[in-house]
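> below are the sequence and a predicted model for it; my questions follow.
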Amino acid sequence: MQGRERPRLPARNARNTRIMRVLVTGSGGHLGEALVRALTAMQHEVTGADIRSSPYTSDVGSIVDRQFVKRCMQGTQVVFHAAALHKPHVGTHSRREFVDVNITGTLNLLEEATTAGVSAFVFTSSTSVFGDALVPPQAAPAARIGEEVTAIPKKHLWCHQGNGGGSLPAVP
């Protein structure tokens, strides 16, 4: 077939799977770092985004900043969203900051991913969703969380503390 170029096949890694351009938010945290490590080991092209610098963060900024999110999203095929404020941040961040990061930041990511034509968006969470299932058995150092574990919901943190010290009912 002279004059016609052969269609270019997507690049493949050593496992013969298509190499993806992936954005991992929260790349400076435990889950984000683990995702960056695993995806990099699988030879995917990974961009790590976090509010703080780390060895696994290539783009430093906030997901609350729409322009930062837009820049990070350029050329991205898959997003792993692991950026969040959670229980360890209660004493250091305001309720407003929790809303800004966890809700507005997530909305920014979802909207910019849609605009950029991202093919998949994986919204992660923390082990906090397992609630009382995280309580280790007697004499065990920690609870093992795997696919077989059923969550035992607790009241959301702000139901306990965010109401001026009062308590709101929570539906599991």
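Received, thanks. Residues are numbered from 1 along each chain as shown.
> so Ala49 sits against Tyr56, correct?
No. The pair Ala49 / Tyr56 is not scored as a contact, 10.1 Å apart, by C-beta atoms under 8 Å. Using the backbone N, CA and C atoms, a C-beta is placed for each residue, glycine as well.
> between those two, who's got more neighbours?
Remark: of Ala49 and Tyr56, Ala49 carries more neighbours, 28 against 20, as counted by other C-beta atoms under 10 Å.
> how about the secondary structure of that one?
strand (DSSP: H, G, I helix; E, B strand; the rest coil).
> overlap in contacts, Ala49 and Tyr56.
Contact criterion C-beta atoms under 8 Å, 6 or more residues apart in numbering; residues shared by Ala49 and Tyr56: Val24, Ser27.
> give me the below-cutoff pLDDT ranges for this protein.
The model of the chain has pLDDT under 70 over residues 1-17, 85-89, 93, 125-134, 142-145, 151-172.
> ranges for the strands of it?
Counting by DSSP state E, the chain has strands at residues 21-25, 45-50, 59-60, 78-81, 120-123.
> save these as a markdown table, and put in distance to Arg95 too.
As requested, the strands of the chain are exported to a markdown table (distance: least, C-beta to C-beta, whole Å):
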| stretch | distance to Arg95 |
| --- | --- |
| strand 21-25 | 21 |
| strand 45-50 | 22 |
| strand 59-60 | 25 |
| strand 78-81 | 21 |
| strand 120-123 | 21 |
